[in-house]
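>>> sequence below, structure please.
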Amino acid sequence: MNVDFLIDGAKVEGFTNNQSIISAGRNVAQHLPVVDAYGKLAVNTTSDLTGVFVFPLLQTADWNEILYLRAQITQATGLSGNKSLWTPMQVQLVDKMGDLLVNGVNGVILKQPNVVRGSGFTSNLWAIFVERMSFTSGSYDDAGV
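Numbers count the residues shown, from 1 in each chain. Predicted coordinates:
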């Protein structure tokens, strides 16, 4: 796979073997069209830069334990009533074939994956919501891990 997927600087491993493994995209359109009474187009630009990374991990992947623990800690901290804050995740997708870098700042797992089991290989579908997602094109040979 010509893609490195990093969470807090650590390379994620244990993906399923599929054509589309990792998805990264914004949650809302960056521009909304507004047409006046005369048919003239204006554009309303949003400041919402949120996005989501979605990826499946094999049921046996070590990263499942890490992500389950992160999800449970953030919820326990939020419900504890104290003022301590959990540390948000910093996510990076380095596409070495398509020459694209996707950065996700201040991420959180909003929901732990559903448990789905069957007769073949099983996986967990993870989603990390980020406060700000940016896309940069260029050449990124190595993630440095």
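
>>> mind listing the helices for the chain?
In the chain, the helices defined using DSSP state H lie at 62-79.

>>> what ranges does it have for its strands?
3-7, 10-11, 23-26, 31-35, 41-45, 51-58, 89-95, 100-108, 123-137 (DSSP state E).

>>> any low-confidence regions in the chain?
1, 19, 82-84, 139-145 (pLDDT under 70).

>>> count the neighbours of residue 127 for me.
15 (other C-beta atoms under 10 Å). Every C-beta, even on glycine, is put in place using the N, C-alpha and C of the backbone.

>>> surely residue 60 is in contact with residue 15?
No - contact between residue 60 and residue 15 fails when scored by C-beta atoms under 8 Å: they sit 11.9 Å apart.

>>> between these two, who's got more neighbours?
In this view residue 60 and residue 15 are compared by other C-beta under 10 Å, and residue 15 has more residues nearby, 18 against 10.

>>> and that one, what is it in contact with?
Applying C-beta atoms under 8 Å, 6 or more residues apart in numbering to residue 15 gives the contacts 1, 5, 21, 22, 55, 56, 57, 58, 61.

>>> if you set the cut-off to 10 Å instead, what comes out?
The contact partners of residue 15, by C-beta atoms under 10 Å, 6 or more residues apart in numbering, come to 1, 3, 5, 21, 22, 55, 56, 57, 58, 61, 63, 123.

>>> how about residue 116?
59, 122, 123, 124, 125 are the contacts of residue 116 under C-beta under 10 Å, 6+ apart.

>>> neighbours around the second one, how many?
Other residues near residue 122 come to 14 when the count uses other C-beta under 10 Å.

>>> contacting residues for it?
16, 56, 58, 59, 60, 115, 116.

>>> same question for the fourth one.
The neighbours of residue 124, taking C-beta under 10 Å, 6+ apart as the test, are 14, 16, 55-59, 61, 63-64, 67-68, 112-116.

>>> now swap in the third one and tell me
Taking C-beta under 10 Å, 6+ apart as the criterion, residue 123 is in contact with 14-16, 18, 55-61, 64, 113, 116.
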